[in-house]
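J.: Based on what follows, work out the 3D shape:
(chains A and B)
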Amino acid sequence: MSEHNENESRRGGSRRDFLRNAGLFGTAAALGPAFLAACGSSSKGSSATTVKGGSGTTAAGAAAPAGDPGAQLAAMLKIDAKTAGKGVEFPMGAVLALTGPGSFYGKTMSRGIDLAVKHIAAAGGPNIKVTYWDHKSGDAPAGKQAITEIVAKKIPAKLASYVDDLGAMLEDTAKNKVFTLDGGGGTSIFGQKQPYFWGTRGITPNDPMPGLFKWWLENNPGKTKVGLVGWDIGEPNNGIIKVDVLAKIAAAGMTHNGLYELVPVGGQDFSAVLPKIKANEPDLLIVSVYGQDPGSFANQAATAGLKAKVVGFEFTPDGVNASKGTYDKDGWTFAYDYFDASAPVSPLAKLFVSEFKAAYGELPDFYAANFYENTLVMWEVIRRANAKGGNIMDGDVLDKALRENLTVVSVYGGDATTVGTSTLDEVTHSVKKRPMGVFEYKGGKVTPKAFFGIDAEGYKKA
Amino acid sequence: MFARFDATTVAQLTANGIFRGAAYGLLGVGFALILGVTGRFHFAYSFTYTLAAYLAFTLRFRGPKLPFWIASFLGILLTAAVGVLIERFIYRPLAKRAGATALLAVFVAALGIGIAGQNMIALFWGQATQAFYGPDKKAWSIGSTRFENFDVWQTVCALALVLILTGLLRFTGLGRAIKATRVNPDLATIIGINANHIYLVCFAIGTFLCGVSAFWYGLQFTVEPNMGQRPVIFAFVVAFLAGTARSPLRVFFTGIAVALIEQWASIWLSVRWTQTAVFVILVGYLVSLSLRGRKLADLLPFLRPAPTKPAAPTAGS
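T.: Numbers count the residues shown, from 1 in each chain, chains lettered A, B, ... in the order given. I've put the predicted structure just below:
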């Protein structure tokens, strides 16, 4: 835009005035996402948020909740003051979907990060200075721009989503050794084994599929025909995911009926795909779409009279709204590492839920939990590096510190007195142990149906 | 990839095409009216589309909590007023200053308004999806073909509005003035037509139709800040294929044809490629036009070379 204006400014006065006006509109358009980025991270009660260019910076998190969460957190995690990093300013990037169809994710993820930043500082940890970037819900150029700026600013670590913006940032992340945790999409299948990139959530639809199929066959013996509708996230990613999905279908003794339809991300209209499903209707239809899309799909599937059991891999308030009452009336079954904020298990999960509710006036969802957890993991890695006298401003040092012990703190799992953990895989960089399950939402209530880990490990009915 | 090519599937896809096409057609009619008469490439149509749904939602479920139909009608009317204000206070001054490059200037401004407006909506109303509830949704069927009551109501509403607009253009003085301005705004001004006034009327009508389309979309799906992006592309395609100087009925049925192509394409193609099929046909159409020796400017008058004097009339401004 600036180049455009420079060129045009050589011309006459009235045209310059006109183009200045046009430029103002363009500037407004360009700054819109940044403005919103700030908005997404400066929700009720947050502080010290500034906006500069395409990013917003926050030095503190949400409003102070009741009690002393810092002391509680320090006690739970058995923090050693010598390695905690108090007084140190640690720069961290966060590349999220702050605008676009997935902006819901950016909002809830940034809330989780902001809350953790505040808790960590209160617990005697470093002052984590988070700079937010907006990948505009999966826009590859926006992701490339973000990683370029992160490298230029010498930021050693970042939290990411959309599998590091659908793969566009992975190469530069590895090349520049930017230690990265992705609690939004995890590694997916196509982002596995990428240097410095770790996925801290179960991969959907792949990871919960063995447990889901086991639960399905227990309750519906002989009904083995399965089909899939999923998001089109481009090649080669689609193909890589498909190979793994088909292998898991076969391994579970299910039969793929040939239905494997990919639909545009964020498209609410499923009118073209539903007749194709009806023409080749499986017993079990797995729907790997996210955000508002599962709700829209459920709503239209009900009208279309779909008989197949539909199972999704996400449950969010956006989905509930988009379902127009279908979730509540007919139910919505989903399978993944769902965070049940209505029944937190461990002391850490309880602290997180109560503090989140105090700060934002609502219960946290899965993504807020994951990014709160990721920020705590970042602190855990910093403490390990400090204990060895390493330079925490070096992404390589942070990565090595994580590799020392791939079992890290988690808001999932644990019990009434023990903080939960999550274990990452050294080779795939995805989670190796993660509690997940099959759940059903109906009439405003989530009911667990079965619990299991990756590859249906430890399967048990709820 | 391939669906079973049976009568049931084809009937369902055809019904879907007609219902979705009515929405495309209505949007295309509004877009074509604005583009054809005023020459404004009104890309901010996506913003007014989204705004209409949000205003209806807000008037019904937030502040005043008006009855559903009143809230919806008021929301659409307010959006039409916004369309008029955009023309009066942004496009017209820009076009006046830009002179021969008015098309580009307005396009850039419209793009900016569209993106900034969408972000402002997200700022004021939040990023989350809003459930816009109205009358109860009912599933209807004819044989094995299933659809919603909203599908039928939307299609009837769209057709009625297009017929009214066709009648207005054909049988009223205002309609003749609009057509005269579309053919030659300078000559229209000479014979006493206030072209600036006609432009405002076209923006009011076009934005009203856009608002009606958004209202039905919100009722069928959800209200969210990005809801206007895809429809405006289809409005453009429909207006372009039908021709901006053509009858609203022709534009409307072109919308249905586009949606039918999109739906039928799913018989042979994966759903992710069906929209591509529409654009392939658009390109094919343009190529066929060039092969037949027709000038694009015959179809789209606003593409004609600009006159030496500023094209946009300024009387009364």
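
J.: And the residue of chain B closest to chain A?
T.: B:G112 (2.7 Å; Cβ to the nearest Cβ). For every residue, glycine as well, the C-beta is placed using N, CA and C.

J.: Check for me that that residue belongs to a helix.
T.: Yes: counting by DSSP: H, G, I helix; E, B strand; the rest coil, B:G112 is part of a helix.

J.: end-to-end on stretch B:238-257?
T.: 9 Å (Cα to Cα, to the nearest Å).

J.: Determine how far that stretch lies from the middle of the whole chain.
T.: Stretch B:238-257 sits 11 Å away from the centroid of its parent chain (Cα atoms, centre = their mean, to the nearest Å).

J.: Would you mind listing what in the stretch 151-300 of chain B touches chain A?
T.: Residues of the stretch 151-300 of chain B lying near chain A by Cβ under 8 Å from any Cβ of the partner chain: B:221-222, B:224-227, B:230, B:262-263, B:266, B:270-272, B:274-275.

J.: ranges for the helices of chain B?
T.: Assigned by DSSP state H, chain B shows helices spanning B:7-38, B:45-61, B:68-86, B:92-98, B:102-125, B:149-171, B:173-183, B:185-190, B:195-220, B:229-242, B:248-268, B:274-291, B:296-299.

J.: of all the ones you listed, which lies closest to A:A272?
T.: With Cβ to Cβ as the measure, helix B:248-268 is the member of the helices of chain B nearest A:A272 (4.3 Å).

J.: shaky segments in the chain?
T.: No chain was given, so I picked chain A. Applying pLDDT under 70 to chain A flags residues A:1-67.

J.: nope, chain B please
T.: Along chain B, segments meeting pLDDT under 70 span B:1-5, B:293-317.

J.: quick revisit: burial check on the residue of chain B closest to chain A, number of neighbours?
T.: Counted with other Cβ atoms under 10 Å in any protein chain shown, the neighbours of B:G112 add up to 25.

J.: B:I121 too?
T.: B:I121 has 22 nearby residues by other Cβ under 10 Å.

J.: Please identify the helix or strand for A:D165.
T.: If you go by DSSP states H and E, A:D165 is part of helix A:162-166.

J.: contacting residues for A:A308?
T.: When contacts are counted by Cβ atoms under 8 Å, 6 or more residues apart in numbering or on different chains, A:A308 is found next to A:G227, A:I277, A:E281, A:P282, A:D283, A:L284, A:L285.

J.: My error: substitute A:A298 in the last question.
T.: A:V310, A:G312, A:G319, A:S323, A:T326, A:Y327, A:D330, A:W332.

J.: Any chance of those residues in TSV with neighbour count as columns?
T.: As requested, these are exported to TSV (neighbours: other Cβ atoms under 10 Å in any protein chain shown):
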residue	neighbour count
A:V310	22
A:G312	27
A:G319	27
A:S323	27
A:T326	22
A:Y327	25
A:D330	14
A:W332	23
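
J.: Now intersect the residues you listed with the helices, please.
T.: Mapping the contacts of A:A298 onto helices (DSSP H) picks out A:G319, A:T326, A:Y327, A:D330.

J.: Identify all contacting residues around stretch A:69-88.
T.: A:119-127, A:347-348, A:351, A:355, A:376, A:379-380, A:382-384, A:386-387, A:392, A:409, A:419.

J.: Just the buried ones from those residues?
T.: Buried members of these, scored by 16 or more other Cβ atoms under 10 Å in any protein chain shown, are A:119-127, A:347-348, A:351, A:355, A:376, A:379-380, A:382-384, A:386, A:392, A:409, A:419.

J.: Mark which of those are part of helices, please.
T.: Of the positions in these, A:119-122, A:347-348, A:351, A:355, A:376, A:379-380, A:382-384, A:386 sit in helices, assigned by DSSP H.

J.: Close to chain B: what parts of the stretch 301-450 of chain A are there?
T.: A:A302, A:T303, A:A304, A:G305, A:P317, A:D318, A:N321, A:A322, A:K324, A:G325.

J.: distance between the ends of stretch A:301-319?
T.: Chord length of stretch A:301-319, first to last residue, is 14 Å (Cα to Cα).

J.: Could you give me the buried positions within that stretch?
T.: By 16+ other Cβ under 10 Å, the buried positions in stretch A:301-319 come out as A:301-304, A:306, A:308-319.

J.: can you check stretch B:124-131 too?
T.: For stretch B:124-131, by 16+ other Cβ under 10 Å, it's B:W125, B:G126, B:Q127, B:A128, B:T129, B:Q130, B:A131.

J.: close enough to count as contact, the first one and B:M227?
T.: The reference is to B:W125. No: applying Cβ atoms under 8 Å, one finds B:W125 not in contact with B:M227, separated by 11.7 Å.

J.: thought A:Q268 was touching A:S296?
T.: Yes: in this structure A:Q268 lies within contact range of A:S296 using Cβ under 8 Å: 4.2 Å.
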